[in-house]
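Build me a model:
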Amino acid sequence: MQPDQIQKHRYRFLAIASMGTFIGTLEGSILNVALPTMAAELNVAIDVIAWVVLAYQLTVVSLVMVFGAWAGRKGYPFAYKFGFIFLVIGSILCAVSTSMGPLLVGRVVQALGGAMFQAVGMGLITTAFPASERGKGIGLMAMMVAVGLMIGPPLGGFMLTAWPWQVIFYLSSAVAIVGTVMAYSFFHGFKSTISDKKINISGAVALSICLLSGMLAMTVLDSRMKVEGPFGLLLLSSLIALAVFIWRESKPGTALIGGDIFRNSQFRISVAGMFLTFSALSGALILVPFYLQDMRGYEPQTVGLFLIILPITMMLIAPLSGRISDKIGFKALTVGGALIFAVGLYLLSALKADSSNGYMVFGLTTVGIGVGIFNSPNTSAMMGSVKPQQRPIASSINSSTRNIGMAFGVAVATTLFEALTVGGQLPEGEQFVLKYRYVTYVCLSFALLAALISGFRKNRLEDSSALTQDSVSEQIG
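Here you go, the predicted model:
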């Protein structure tokens, strides 16, 4: 298929990529509502049922980079066809499970599909949309993420009042079946590209162990921040695996990713900005539900309404920001978005025990506007700055950076919150406010650093990043 034909059908590819992204975010947000019900019916504790979420997240993080390299050799059709099939099988396994063991197996199988979608989604959009509309396509993808996060909690609450929790996974399997049909239909006649270069197994295993151990280390980091016990072992395992991976990457014949992608300053800046932004976002927001529920006394349903403000705002802003970046470039939007995000965090840092609901809504809305403005241009700059054959792996780096940044932000925020000792003579509520303020200041510094780094980026991409006819055709199939 020629480039003009690919771009002519770009909304078909957007639909496929959006389907994979949407189902992942939708199911995740629904499951957060369903976890208490699942724990009660399966007769397990909270820390056990949490592995329904953790098993999925850890599998995705540990495999998304490997799948990105794999998809770069096998083609986008391969990734989506098999990704949806894994999602169907995993969802059905979860739906018929009556105990934790089979349920976790099903979640891991689901995560195989999710890792494939996250590995190649942005790469497919970047390839299918022309450079003049790249920001628009990425903005629409960001909107689908926000839609999934937004409708998940109310949909989950409605479904659980009428049906058992298993219906969540039956819904996932039904959507995945539709996605499978779309993938086989829209990619019909496309011949997957298979590179002669094989994936280096040792490098892939080392990278997976590095990411998995690192993520697990963040989950067990205690308030003492000492390298001991499980945290120390996991951190050591991650560092050893990282050393092995770097050693394998240093040899062109065994490189999984290829270090030349990080020689691109636009790419490096975009990766750093994304990591800092999502670290700040997840770190600042992880404590907000505790503030609303424990200090303000709101019911979970009301807390959910406050938390929906962020995805609604991002859903409205991200596509618009992406379209504007196609016209004016990246620098002003990424710097401005990060600064607005920092202002929003400053507003949240000033929360008090008696702050008004309007003030809370204003702070969360400002955060959502800032992140929405920043994210689409930053991702567009990242994906557009690499060579076409690097887009699958760049897409997986994009996904990994976001997930690792979120995990890092949560680990830093919760660790600092527990480690801080302030206002010993003050009531517990006021101590919470002070500790949250200091945590938010740290997150605010991440946002300001993202703005500073973004100021060094080029406003537009080099002409050399434009697609050639052969490279576009090769990347699609």
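
Quick one, grab the pLDDT at F446.
The model reports F446 with a pLDDT of 95.

Can you get me a residue count around it?
For F446, the neighbour count with other C-beta atoms under 10 Å is 25. C-beta coordinates here come from the backbone N, C-alpha and C atoms, glycine included.

Assign a three-state SS to it, would you?
Following DSSP: H, G, I helix; E, B strand; the rest coil, F446 is assigned to helix.

Nearest residue to it in space, please, no chain neighbours.
Counting by C-beta to C-beta, 6 or more residues apart in numbering, the nearest residue to F446 once its immediate chain neighbours are dropped is A280, at 3.8 Å.

just V386 next, same as before
Excluding its sequence neighbours, the residue lying closest to V386 (C-beta to C-beta, 6+ apart) is A394, at 4.6 Å.

what about the one you found, distance to G368?
Distance of A394 to G368, given as C-beta to C-beta, to the nearest Å: 26 Å.

about what we covered before: could you verify my assumption that the residue nearest to F446 touches L444?
Yes - A280 lies in contact with L444 (C-beta atoms under 8 Å); the separation is 7.1 Å.

neighbour-wise, which of these two wins?
More neighbours surround A280 than the other of A280 and L444, with 31 against 21 (other C-beta under 10 Å).

Contacts only, for the more buried one.
By C-beta atoms under 8 Å, 6 or more residues apart in numbering, the contact set of A280 is 341, 345, 409, 443-444, 446-447, 450.

Please apply the same query to V442.
By C-beta under 8 Å, 6+ apart, the contact set of V442 is 283, 412-413, 416.

And it, how far from A419?
Distance, V442 to A419, using C-beta to C-beta: 12 Å.

Over to T277?
24 Å.

which of those two has more neighbours?
More crowded of T277 and A419, by other C-beta under 10 Å: T277, with 29 against 12.

Number of residues surrounding D354?
Applying other C-beta under 10 Å, we find 8 residues neighbouring D354.

Actually, I312.
A count of neighbours around I312, defined by other C-beta under 10 Å, yields 16.

Check V439 too.
Here the number of neighbours of V439 (other C-beta under 10 Å) works out to 22.

what residues are up against it?
Contact analysis of V439 by C-beta under 8 Å, 6+ apart lists 283-284, 287, 413, 416-417, 420.

What strand or helix carries it?
When elements are assigned from DSSP states H and E, V439 belongs to helix 428-454.

what comes up buried for that helix?
Neighbour-count burial for helix 428-454, counted by 16 or more other C-beta atoms under 10 Å, picks out 431-433, 435-437, 439-440, 442-444, 446-451, 453-454.

For L339, which non-adjacent residue is closest in space?
In space, L339 is closest to A451, 5.0 Å off (C-beta to C-beta, 6+ apart).

again, but for G405
Spatial nearest neighbour of G405, excluding adjacent residues (C-beta to C-beta, 6+ apart): F278 at 3.5 Å.

With M150 instead?
Closest to M150 by C-beta to C-beta, 6+ apart is P311, at 4.3 Å.

mind checking how far the one you found is from V244?
In terms of C-beta to C-beta, P311 sits 39 Å off from V244.

Neighbour count for those two, which is higher?
More crowded of P311 and V244, by other C-beta under 10 Å: P311, with 23 against 17.

tell me the pLDDT at that one?
83.

and if you look at T193?
Note for T193: predicted pLDDT of 48.

Tell me who's in contact with S376.
Applying C-beta under 8 Å, 6+ apart to S376 gives the contacts 135, 138-139, 142, 318-319, 321-322, 325.
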